[in-house]
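Asks: Pasting the sequence and the predicted coordinates here, then a few questions.
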Amino acid sequence: MKRVMIVGGPGSGKSMLARLLGKQSGLPVYHMDKIHYRAGWLERTREEKDLLTHEVHMKDSWIFEGGHSNTFEERVSRADTFVWLDIPVALRIFRVLKRSLRYYGQSRPDLAEGCPERFNLQTIEFLHFIWRTRRSARARLMKIYENPPQHLRVVRIRTKSEFAAFLQAPTGQTC
């Protein structure tokens, strides 16, 4: 494993898995949310995100977690491992609320500095986004999972036990 693409809906555990896998493997970890936002929750333009994402893709090794489906094709072509955290939407919403409370007023490790966690109208809109896109986002990831390029190892994680088994499996082996 040299280039690992970790995807899933908000609250699925992508950042946690990336940090744990990075610590275990020694691979550098990149978080899409650090590319998506500048300090103060200012969203970068699509072009900026495309460029910064491309720069990560072109590195020799990485663990890259997060969305920005506009660049999935390139990421899939460069990745050797695709990990999909396919977690039920209700659990994901609970986790998003839990992390909002846990990090309230602070920037999470997977976000740009100057993006303190908050609970406001944007939080409610984000929860609505999670609910509204639950089927379309999952369908997009299902297509990659069911029809991967030959070079790509695919892993689908749906439970805590599968999550733990993936981390316990020797690097590069299927759990």
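Replies: All right, it came through fine.

Asks: Please count neighbours and contacts with C-alpha atoms only from this point.
Replies: OK.

Asks: Show me which residues of the helix or strand in which Ile130 is found are buried.
Replies: Using DSSP states H and E, Ile130 sits in helix 121-132. By neighbour count on 16 or more other Cα atoms under 10 Å, the buried set for helix 121-132 is Leu127, Ile130.

Asks: In terms of secondary structure, what does it contact?
Replies: Contacts defined by 3 or more Cα pairs under 8 Å, 6 or more residues apart in numbering; DSSP states H and E place helix 121-132 against helix 89-102.

Asks: follow-up on the earlier one: hey, C-alpha coordinates of the helix holding Ile130 in CSV?
Replies: Taking C-alpha atoms only, helix 121-132 is exported to CSV below (Å, rounded to 0.1, in the frame of the first residue of the first chain):
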residue,chain,number,x,y,z
LEU,A,121,-27.3,27.5,11.1
GLN,A,122,-24.5,26.2,9.0
THR,A,123,-24.4,23.0,11.1
ILE,A,124,-28.1,22.5,10.5
GLU,A,125,-27.6,23.1,6.8
PHE,A,126,-24.7,20.5,6.9
LEU,A,127,-26.9,17.9,8.5
HIS,A,128,-29.5,18.6,5.9
PHE,A,129,-26.8,18.1,3.2
ILE,A,130,-25.9,14.8,4.7
TRP,A,131,-29.5,13.6,4.6
ARG,A,132,-30.2,15.0,1.1
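
Asks: List the contacts of whatever helix or strand comes next after that helix.
Replies: Per DSSP H and E, helix 121-132 leads on to helix 134-146 as the next helix or strand towards the C-terminus. With contact meaning Cα atoms under 8 Å, 6 or more residues apart in numbering, helix 134-146 is reached by Val7, Gly8, Gly9, Phe82, Trp84, Asp86, Val89, Val154, Val155, Arg156.
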